[in-house]
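give me a 3D structure for the following:
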Amino acid sequence: MDITNSTKELIVKMQPLKLKYNDLASQTFIDFYCQCKQGCDYLFPTTVKSSVTILHILQWFLLSVEKRSPYLLIELMWQDILGPTLAEYQQDEEIEANLASLFAQPELAEAVADWHRKPRPDGGVTLTLRELLKDMSDLEQE
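Residues are numbered from 1 along each chain as shown. Down below sits the predicted model:
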């Protein structure tokens, strides 16, 4: 399966968000999002793929966190055969194995439980999930 150029470009744009959002939940979601975009290229026809939103991917992520393993749809999406090189395939498999391992860890569920806001020293809060979703949405629109 070849990933579309637009998906490749989107993934390249998303990866730098890991520098801004270095918490476990955000880092894991960014990788999950990128894997889902690749899986959409594999599993869905163009009309279906174009209807998948960041909210769908967030829901799949949260279901996987609750289940402590990839949600069934995600398992189907991860059965892609990434190509054209062996190195790309191995990298894809490594990311998916890492995500599956993280889903099994209670630390991820704990991180997600507090993901929506982080207290700041000034007494305010940072709305981490909201800011991450906005940044991701902005990159999708570019």
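
how far away is Asp2 from Lys134?
Distance of Asp2 to Lys134, computed by CB to CB, to the nearest Å: 30 Å. Backbone N, C-alpha and C define where each C-beta goes, glycine included.

same check, this time on Pro106
The value you get for Pro106 to Lys134, if CB to CB is used, is 28 Å.

between those two, who's got more neighbours?
Lys134 (12 against 8; other CB atoms under 10 Å).

element containing that one?
Secondary structure from DSSP states H and E places Lys134 in helix 128-141.

so how far is that helix off the chain centroid?
Chain-centre distance of helix 128-141: 12 Å, with CA atoms, centre = their mean, to the nearest Å.

so where's the chain shaky on pLDDT?
Applying pLDDT under 70 to the chain picks out residues 1, 80-85.

state the phi and psi torsions of the residue sitting furthest away from the middle of the chain.
Residue farthest from the centre of the chain, counting by CA atoms, centre = their mean, is Asp122 at 30.7 Å. Dihedral pair for Asp122: phi -80, psi 0, per degrees, to the nearest 10.

and the strands in the protein?
118-119, 125-126 (DSSP state E).

adding mean neighbour count and distance to Ile95, write these out as CSV.
Shown next, in CSV, are these (neighbours: other CB atoms under 10 Å; distance: least, CB to CB, whole Å):
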stretch, mean neighbour count, distance to Ile95
strand 118-119, 12, 26
strand 125-126, 12, 27
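
how about CSV for these, with distance to Lys67 added?
Below are these laid out as CSV (distance: least, CB to CB, whole Å):
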stretch, distance to Lys67
strand 118-119, 25
strand 125-126, 28
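
and of those strands, who's closest to Met77?
strand 118-119 (30.2 Å; CB to CB).
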